[in-house]
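S.K.: this one's sequence-less:
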């Protein structure tokens with residue numbers, strides 16, 4: 001099977017931020033948004049702003065009230081929730097091992 005060359009250019013973090021702004025995402029703090037893009041990544045965060053896309057989603061336009069901070073808060077909730085679940089899962093595993 002022949003490989004298809006990847007022709008889409010990579011974007012700098014500043015370009016990623018500008019693309020989000022151009023698509024209508026509200027950026028409360030550009031400095032914070034750039035920091036998060038650099039440290040978490042565009043693609044990891046994109047799952048959290050996907051529900052904020054307007055229909056049709058294929059146009060990659062955000063709903064009017066969509067904001068970077070909201071997406072980051074959802075990301076933080078998910079991270080903490082995952083941490084809590086894993087902590088409790090360990091307790092369950094230990095209890096099962098004892099039986």
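M.R.: Received the coordinates, thanks. Note that this is a predicted model, so its numbers are computed, not measured.

S.K.: so what's the predicted local confidence for residue 8?
M.R.: Note on residue 8: pLDDT of 84.

S.K.: pLDDT below threshold where in the protein?
M.R.: Within the chain, the set of residues satisfying pLDDT under 70 comprises 99.

S.K.: what is the three-state secondary structure of the residue minimising distance to the centre of it?
M.R.: Here the mean C-alpha position of the chain is nearest to the C-alpha of residue 45 (C-alpha atoms, centre = their mean), at a distance of 1.2 Å. The three-state assignment at residue 45 reads helix, by DSSP: H, G, I helix; E, B strand; the rest coil.

S.K.: for it, what are its contacts?
M.R.: Contacts for residue 45 (C-beta atoms under 8 Å, 6 or more residues apart in numbering) come out as 36-37, 71-72, 75. C-betas here are computed from N, CA, C, even on glycine.

S.K.: which residues of this structure fall in helices?
M.R.: 13-22, 30-39, 42-49, 68-98 (DSSP state H).

S.K.: run a quick neighbour tally on the closest residue to residue 11 other than its chain neighbours.
M.R.: Nearest in space to residue 11, with sequence neighbours left out and distances taken as C-beta to C-beta, 6 or more residues apart in numbering, is residue 19 at 6.6 Å. Residue crowding around residue 19 was assessed by other C-beta atoms under 10 Å; the count is 13.

S.K.: likewise residue 65?
M.R.: Counted with other C-beta under 10 Å, residue 65 comes out at 9.

S.K.: go on, residue 40?
M.R.: 14.

S.K.: test my guess that it contacts residue 75.
M.R.: Yes - Residue 40 is within contact range of residue 75, at 7.2 Å (criterion: C-beta atoms under 8 Å).
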